[in-house]
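Q: Build me a model:
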Amino acid sequence: MYKKIKIFIILFLIFLLPCVKAAKIKENSYMIVNAKDNTVLIEKNANVRVYPASTTKILTCILALENLNLEETITVTEEMLSELPKGSSTMKLKANDSLTIDELLHGLMVPSGNDAAIVVAHLVSGSTEEFSKLMNEKMKEIGATNTNFINPHGFHDEEHYTTARDMAKLMSYAIKNEKFIEIISTKKFVINNKSIDRTYTNTNILLDTLEYDIIGKTGYTSEAGNVFISYSKNNDIELITILLDGDSNYYNY
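A: Model prediction:
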């Protein structure tokens, strides 16, 4: 079995490299884990504090799935959008837009909307501050004790950090949720209602370019560098891959 896993890791990396614009993957903190039993297969600087950028939204999505009704229709307010950091990736929400929680979560994970993350925080906890407390409580609950999140989207802040090991624990927890898998596997998503008519494309270009489905969450800030957290499956082999503290933005994200 280990030999098969090793071969799959090699194939994963071979297929991954041609799909990026950088000549090499230069993440300074990474981990590859057997998703079935959480055995660590490869790691480097897995306990070093790094910035997660938009991979933060994995936790935001999970907390929404655990606390909100996907069929409920909500209305976006000006107060929510006033918190959006300048330069954010968004799903282009506007005040008074109405959409379902299900649509909101696709806007969170497919185009990586920071606006969607803020709306989720308000819906779950009443404010981003209270939601951040819930985020940190959840991370501790799943055994990720070297993380401190202060916002729901991962826009850079010196006090918003994690480790590769903690994010591996988060992804291991997240992939147990079938709806989470469905959302991050979505290549394109359309919202067409009275207030929104938009098509969103997944920031994870590997959904379209690889022989193997590699589903996950991308992210980039100048401080975090290129980051990517993924789950891949080939027959009876399942891998969780954590790539953090990258040197270049090969997703143009």
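Q: Just say helix, strand or coil for residue 183.
A: Look at residue 183: counting by DSSP: H, G, I helix; E, B strand; the rest coil, its state is helix.
Q: Contacts only, for it.
A: By C-beta atoms under 8 Å, 6 or more residues apart in numbering, residue 183 lies in contact with 61, 105, 106, 109, 110. From N, CA and C alone the C-beta is placed, and that goes for glycine too.
Q: so what's residue 203 closest to, chain neighbours aside?
A: residue 218 (4.7 Å; C-beta to C-beta, 6 or more residues apart in numbering).
Q: Which pLDDT does the model give that neighbour?
A: Residue 218 carries a pLDDT value of 93.
Q: Am I right that it is in contact with residue 112?
A: Yes. Between residue 218 and residue 112 there is a contact at 7.1 Å, judged by C-beta atoms under 8 Å.
Q: Those two: who's more crowded?
A: A count of neighbours by other C-beta atoms under 10 Å puts residue 112 above the other of residue 218 and residue 112, at 28 against 25.
Q: partner strands of the lengthiest strand in the chain, parallel or antiparallel?
A: Counting by DSSP state E, the longest strand found in the chain is strand 225-234. Applying DSSP bridges, strand 225-234 is found paired with strand 214-221 (antiparallel), strand 237-244 (antiparallel).
Q: Now do the last one, average pLDDT.
A: Here strand 237-244 scores 90 as its mean pLDDT.
Q: next one: stretch 92-111 to chain centre, how far?
A: Put simply, stretch 92-111 sits 16 Å off its chain's centre (C-alpha atoms, centre = their mean, to the nearest Å).
Q: Quick one: mean pLDDT over it.
A: Averaging pLDDT along stretch 92-111 yields 97.
Q: So which bits of it are buried?
A: Within stretch 92-111, the residues that qualify as buried are 93, 97, 99-111, counting by 16 or more other C-beta atoms under 10 Å.
Q: can you tell me which residues contact residue 207?
A: 185, 187, 213, 214, 215.
Q: Tabulate the CA atom coordinates of stretch 225-244 in PDB.
A: Written as PDB, here are the backbone C-alpha positions of stretch 225-244 (Å, rounded to 0.1, in the frame of the first residue of the first chain):
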ATOM      1  CA  GLY A 225       2.700  33.900  -1.000                       C
ATOM      2  CA  ASN A 226       1.000  31.200  -3.100                       C
ATOM      3  CA  VAL A 227      -0.900  28.700  -0.900                       C
ATOM      4  CA  PHE A 228      -3.000  25.700  -1.800                       C
ATOM      5  CA  ILE A 229      -4.800  23.100   0.300                       C
ATOM      6  CA  SER A 230      -6.100  20.100  -1.600                       C
ATOM      7  CA  TYR A 231      -7.700  16.700  -1.400                       C
ATOM      8  CA  SER A 232      -7.100  14.100  -4.100                       C
ATOM      9  CA  LYS A 233      -8.300  10.600  -4.700                       C
ATOM     10  CA  ASN A 234      -7.200   7.800  -7.000                       C
ATOM     11  CA  ASN A 235      -8.900   4.500  -6.500                       C
ATOM     12  CA  ASP A 236      -8.100   3.500  -2.900                       C
ATOM     13  CA  ILE A 237      -5.500   6.300  -2.300                       C
ATOM     14  CA  GLU A 238      -6.600   9.600  -0.800                       C
ATOM     15  CA  LEU A 239      -4.200  12.400  -0.100                       C
ATOM     16  CA  ILE A 240      -4.400  15.800   1.700                       C
ATOM     17  CA  THR A 241      -1.800  18.200   0.500                       C
ATOM     18  CA  ILE A 242      -0.900  21.400   2.300                       C
ATOM     19  CA  LEU A 243       1.300  24.000   0.400                       C
ATOM     20  CA  LEU A 244       2.000  27.200   2.300                       C
END
